[in-house]
Structure formats: structure tokens, C-alpha cells
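Engineer: I would like to see how this sequence folds:
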Amino acid sequence: MFRRKRAFVDNFASESLVFADKWISDGREFFKQRKDSPTILKWEPEFADISQSGDFGVTTGLWEL
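Structural biologist: Predicted structure coming up:
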């Protein structure tokens, strides 16, 4: 696994979800199973929010691939 991909995957929470091919997928597993690629994802959060209970959060922002 490429070093950048490994760092990206390692920073996902164990309970993370991503909106992907199957609509909602386990974040870590989804990216672990993707083929290695030399492409670079540039992303910055522009908005983040968390539930009052602290058990759900979301981030969104512009990205470039």
C-alpha cells in the first residue's frame, strides 16, 4: 500500500462511513480495498458539525483529484 494511502486510511475512525459505489460503505474497508494509484486527492474541510451527543460527525469541503 502506498505510504500516502496508508496514512489516509489510518486516519479513518473505525466506525467511519463514506458515500461511495454501494451508497454507504465502511470507510476504512472501502479505501483499503481500492487499487493503489499514483493519483493525489487534495481536500480541505470547509464545514464540520457534530451531534450534541458527540456520537456522529460530518465534514465536507472542496476536493481535487
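
Engineer: quick one: Glu44 and Leu62 touch, right?
Structural biologist: Yes: with contact defined as CB atoms under 8 Å, Glu44 reaches Leu62; the gap is 6.8 Å. The C-beta positions use only the backbone N, C-alpha and C, and glycine is treated the same way.

Engineer: would you say Phe31 is within a helix?
Structural biologist: Yes: counting by DSSP: H, G, I helix; E, B strand; the rest coil, Phe31 is found in a helix.

Engineer: quick one, what contacts it?
Structural biologist: Contacts for Phe31 (CB atoms under 8 Å, 6 or more residues apart in numbering) come out as 5, 8-9, 12, 18.

Engineer: next one: Ser51
Structural biologist: Gly57.

Engineer: If I look at it, what pLDDT would I see?
Structural biologist: The model reports Ser51 with a pLDDT of 96.

Engineer: any idea how far Val58 is from it?
Structural biologist: 9 Å (CB to CB, to the nearest Å).

Engineer: Kindly check the end-to-end length of stretch 35-48 for me.
Structural biologist: This stretch, stretch 35-48, spans 29 Å end to end (CA to CA, to the nearest Å).

Engineer: Distance of the residue nearest to Lys42 when sequence neighbours are not counted relative to Thr39?
Structural biologist: Excluding its sequence neighbours, the residue lying closest to Lys42 (CB to CB, 6 or more residues apart in numbering) is Glu64, at 4.5 Å. According to CB to CB, Glu64 and Thr39 sit 10 Å apart.
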